[in-house]
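Colleague: would you be able to build a 3D model of this:
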Amino acid sequence: MQWITFVFEGSAPSDLPKCVYICTNHFTIDCFLNKERFKAGFAKKLKLKDGSVPTVRNPAAPPEVKSPKVAFTASMSATESTNRGRFSTENKLIFDKVLTNIGNAYDPITGVFTAPVKGVYYFRYSGSAFSSHDMGLSIFKGTTRFVSSYEYNSGERNDQMANGAVMELDVGEEVHMRLWIRSWIFVDRRYNYSTFTGYLLYPLDSTSDQSTKQI
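Modeller: Below is the predicted model:
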């Protein structure tokens, strides 16, 4: 549906608005709120009281802003199911088994997601700890730890944990996962227990005042 704009170039009647809009799907008086007054004063002859004819303007529709499609889920590949970890330093996790990568913003070689557009994104991870191993995981935005979770050796055979966060990212900002020092993560070759997921919720205009960015 389009709308045609009628603009009064002469003296507009006092009981009519300076500019009115008509639905081009119907082009009927029913599309105007005050239909009887409009019919009598404007639509019948499309002339004003002083004899002038209003300009009919059908402005071009603004360009459609298409939201880019950005979404990924990745796991870690393994030739056999095993625990990885107990590193002496915090270790970046590389989820090299790509399950979904719409927009190709996630790099399975480096384990890094790079924002292709300024926007609000959601990230989530899950981790499995097997055979009573401690597990600590964090999402990093650049070099800043954003959210974390920790699973203490509870004596259970298998523990699962997850966490997530909404982030506002500028173009080129990066997000990745890290495994805490001296902790473990279980990697299996079939069931993808430990995963990293992210997707664009909505883009932000670079001139938008909607930003509430803190980190």
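Colleague: for the spatially closest residue to Gly85 that is not a sequence neighbour, report the pLDDT, please.
Modeller: In space, and not counting its chain neighbours, Gly85 is closest to Trp184: 3.6 Å by CB to CB, 6 or more residues apart in numbering. Yep, even glycine has a C-beta here, placed from its N, CA and C like the rest. On the pLDDT scale, Trp184 is placed at 87.
Colleague: I'd like the numbering to begin with 780 instead of 1 from here.
Modeller: All set: I'll call the first residue 780, so the last point we hit is now Trp963.
Colleague: I figured Trp963 was touching Gly906, is that so?
Modeller: No. At 9.4 Å, Trp963 does not count as touching Gly906 under the criterion of CB atoms under 8 Å.
Colleague: find residues that contact each of these two.
Modeller: Met914 (CB atoms under 8 Å, 6 or more residues apart in numbering).
Colleague: could you list the low-pLDDT ranges of the chain?
Modeller: Across the chain, the ranges flagged by pLDDT under 70 are 780-844, 910-911, 933-935, 986-994.
Colleague: ranges for the helices of it?
Modeller: Under the criterion DSSP state H, the chain contains helices at 814-817.
Colleague: domain ranges for it?
Modeller: Domain segmentation of the chain under automatic domain parsing yields 782-836, 850-982.
Colleague: find the nearest non-adjacent residue to Ala941, please.
Modeller: Nearest residue to Ala941 in three dimensions, chain neighbours excluded: Ser905, at 4.3 Å (CB to CB, 6+ apart).
Colleague: wait, that neighbour touches Phe965, no?
Modeller: No. Applying CB under 8 Å, one finds Ser905 not in contact with Phe965, separated by 10.9 Å.
Colleague: between those two, which one's more packed in?
Modeller: Phe965 (23 against 18; other CB atoms under 10 Å).
Colleague: isn't the more buried one up against Thr974?
Modeller: No. Using CB under 8 Å, Phe965 is not in contact with Thr974, being 11.9 Å away.
Colleague: which residues touch the residue nearest to Ala941?
Modeller: 939-941, 972-974.
Colleague: now with 7 Å, please.
Modeller: 939, 941, 972-974 (CB atoms under 7 Å, 6 or more residues apart in numbering).
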